[in-house]
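Q: Below is the sequence, then the predicted model.
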Amino acid sequence: MAAVKLKAVRKVYSNGHVGVEGASFDIADGELLVLVGPSGCGKSTLLRLIAGLEEATAGSIHIGDVDVTHLEPRDRDIAMVFQSYALYPHMTVRENLGFGLKLRGHTEAEVASRVQEAADRLELGSMLDRLPKQLSGGQRQRVALGRALVRQPKVFLLDEPLSNLDAKLRSAMRTEIARLHRSLQTTMVYVTHDQVEAMTLGQRIVVLDRGIVQQIDTPMAIYERPVNLFVAGFLGNPAMNFFRGSLSGAASDHSVLRGEDGAELAVPSGLPTGRSLVVGIRPEDLQRVDGASPPGNIRLSALVDLIETVGNESFIHASVGAWRIIVRSSPYDLPPLGSTISLQVLPERLHFFDAESGERIAA
């Protein structure tokens with residue numbers, strides 16, 4: 001096991017495209033860190049730079065006490081699990097698991113011992129003599145994980161390993177990986193575009209956009225205090241509701257955000273007036289209310305346009321003037337389409353961003 005340190009890592013391709021720009025962060029020994037972001041944000045490039053499959057244009061990468069920036073992948077003591085299982089189709093599970101060890105000159109007894117240990121951890125014992133074509137997608141992914149596991153590397157690198165699986169298998173394999181990390185306590189770097197994987201697996205998350213690190217923190221810290229509009233809109237399903245407008249003073253205890261169509265939203269006083277702001281509210285923080293609400297709560301009325309019910313919850317799509325919002329709701333006692341509902345939100349659950357820079361503003 002080892003810590004990983006990135007210092008101002010930059011990757012520029014021959015066509016001028018910047019894949020990663022100035023990435024600097026530390027990964028603690030034994031930590032499971034998730035790199036997350038939309039397609040093309042640079043997360044897989046960053047993983048490949050750590051693996052040595054891409055060469056950094058600038059900056060340095062350290063694994064443990066060793067500067068591996070210019071070392072070949074085989075000399076970095078890492079193991080990588082790819083999106084495609086990359087199993088040898090003519091080899092059994094046992095042979096796939098042990099092949100890399102044989103190439104590195106390990107004895108037959110050591111290979112057999114490590115293969116059996118990995119098979120036991122991943123519940124592959126009854127499948128050791130099967131070929132990959134005789135396995136399900138989830139079983140093949142476990143073999144791919146086992147092939148990395150037998151190496152006993154300093155760092156595991158996982159590049160969207162679950163994206164080829166269906167939703168049920170993804171959930172099961174997420175649990176497998178979390179249990180595996182908890183038992184091994186080894187350093188893992190996990191790449192995904194799936195925010196559910198990021199939130200449930202990562203001890204910390206690195207959010208990337210256009211090759212730039214936007215925020216690094218624990219999942220809940222990022223969820224509750226996103227540093228900018230990109231992070232706020234990316235993490236969360238459904239996404240955060242955004243109310244864009246200009247802020248003006250209205251009373252001593254509150255200000256008013258006014259949209260282009262005249263829609264208004266009361267917000268706490270103390271924010272800079274006379275500038276364009278974006279107020280963010282997560283769908284679960286909007287609560288339907290009948291009658292009076294506690295003093296200080298923010299109230300708004302919304303016209304119901306559409307309702308999506310997904311079993312244990314529903315999503316109410318509504319409009320407040322030109323502002324479109326989604327409200328997370330119980331699937332019971334839903335309002336009729338075309339009706340107007342009253343909503344409330346606690347002031348401390350509001351998020352404020354500068355409309356031009358997108359950066360978070362302290363309330």
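A: Yes, it's here. Numbers count the residues shown, from 1 in each chain.
Q: pLDDT score assigned to Thr175?
A: You'll see Thr175 listed with a pLDDT of 89.
Q: burial measure for it, as a count.
A: When neighbours are defined as other Cβ atoms under 10 Å, Thr175 has 12 of them. Bear in mind the C-beta positions are built from the backbone N, C-alpha and C, glycine included.
Q: does it sit in a helix, a strand or a coil?
A: helix (DSSP: H, G, I helix; E, B strand; the rest coil).
Q: do the same with Glu110
A: Applying three-state DSSP: Glu110 is helix.
Q: Same check on Phe243?
A: Following three-state DSSP, the label given to Phe243 is strand.
Q: May I have the residues that are in contact with it?
A: The neighbourhood of Phe243, defined by Cβ atoms under 8 Å, 6 or more residues apart in numbering, consists of 257, 259, 265, 278-281, 320, 323.
Q: out of the residues you listed, who's nearest Leu33?
A: Of all those, Gly280 has the smallest distance to Leu33: 25.9 Å, by Cβ to Cβ.
Q: distance of the closest one from Met91?
A: Note on Gly280: its distance to Met91, by Cβ to Cβ, to the nearest Å, is 52 Å.
Q: okay, the two: which has more neighbours?
A: Legend: neighbour count by other Cβ under 10 Å for Gly280 and Met91, higher for Gly280 (22 against 14).
Q: Would you mind naming the residues that bridge with that one?
A: Gly280 has these beta-bridge partners by DSSP bridges: Phe242, His351.
Q: Report whether the expected contact of it with Val345 is present.
A: No - using Cβ atoms under 8 Å as the test, Gly280 is too far from Val345 to be in contact (10.7 Å).
Q: and the protein, what are its domains?
A: By the assignment in automatic domain parsing, the chain contains the domains 4-234, 241-361.
Q: What ranges in this structure fall below the confidence cut-off?
A: Within the chain, the segments meeting pLDDT under 70 span 250-253, 292-294, 363.
Q: how about the helices in the stretch 251-363 of the chain?
A: For the stretch 251-363 of the chain, applying DSSP state H, counting those that start in this stretch gives no helices.
Q: quick one, what contacts the residue nearest to Ile325 when sequence neighbours are not counted?
A: Of all residues not flanking Ile325 in the chain, Asn241 sits nearest, at 4.4 Å (Cβ to Cβ, 6 or more residues apart in numbering). Residues near Asn241 by Cβ under 8 Å, 6+ apart: 280-283, 286, 323-326.
Q: So which residues of the stretch 1-150 of the chain form helices?
A: 43-51, 93-103, 108-121, 137-149.
Q: Tell me which of the ones you listed sits nearest to Asp65.
A: Closest of the helices of the stretch 1-150 of the chain to Asp65 is helix 43-51, at 15.9 Å (criterion: Cβ to Cβ).
Q: Contacts for the closest one next, please.
A: By Cβ under 8 Å, 6+ apart, helix 43-51 touches 4, 6, 9, 11, 19-20, 23, 35-37, 54-56, 61, 63, 73, 76, 78, 80, 155, 157, 159-160, 189, 191-193, 206, 208, 211.
Q: And that helix, what's buried?
A: Residues of helix 43-51 classed as buried by neighbour count (16 or more other Cβ atoms under 10 Å): 43-51.
Q: With stretch 1-15 instead?
A: Buried residues in stretch 1-15, counted by 16+ other Cβ under 10 Å: 2-7, 9-11.
Q: same thing with stretch 172-190?
A: Going by neighbour count (16+ other Cβ under 10 Å), the buried part of stretch 172-190 is 173-174, 176-177, 180-181, 186-190.
Q: how about the residues you listed, which pair is most distant?
A: Among the buried residues of stretch 172-190, Met173 and Thr187 lie farthest apart (Cβ to Cβ), at 19.6 Å.
Q: count of residues packed around the residue lying closest to Ala362 once chain neighbours are set aside?
A: Distances taken as Cβ to Cβ, 6+ apart put Phe352 closest to Ala362, at 7.7 Å, once the chain neighbours are dropped. Residues contacting Phe352 under the criterion other Cβ under 10 Å number 19.
Q: So Phe352 is in contact with Glu359, correct?
A: No - taking contacts as Cβ under 8 Å, Phe352 lies outside contact range of Glu359: 10.0 Å.
Q: In stretch 326-338, which of the residues would be classed as buried?
A: So for stretch 326-338, counting by 16+ other Cβ under 10 Å, buried means 326-329, 334-335.
Q: Is it possible to get JSON lines of those that adds distance to Leu201?
A: Formatted as JSON lines, the buried residues of stretch 326-338 follow (distance: Cβ to Cβ, whole Å):
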{"residue": "Ile326", "distance to Leu201": "25"}
{"residue": "Val327", "distance to Leu201": "28"}
{"residue": "Arg328", "distance to Leu201": "23"}
{"residue": "Ser329", "distance to Leu201": "28"}
{"residue": "Leu334", "distance to Leu201": "33"}
{"residue": "Pro335", "distance to Leu201": "36"}
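Q: Which single one of those is nearest to Val115?
A: Distances from Val115 to the buried residues of stretch 326-338, taken by Cβ to Cβ, are shortest for Arg328, at 46.7 Å.
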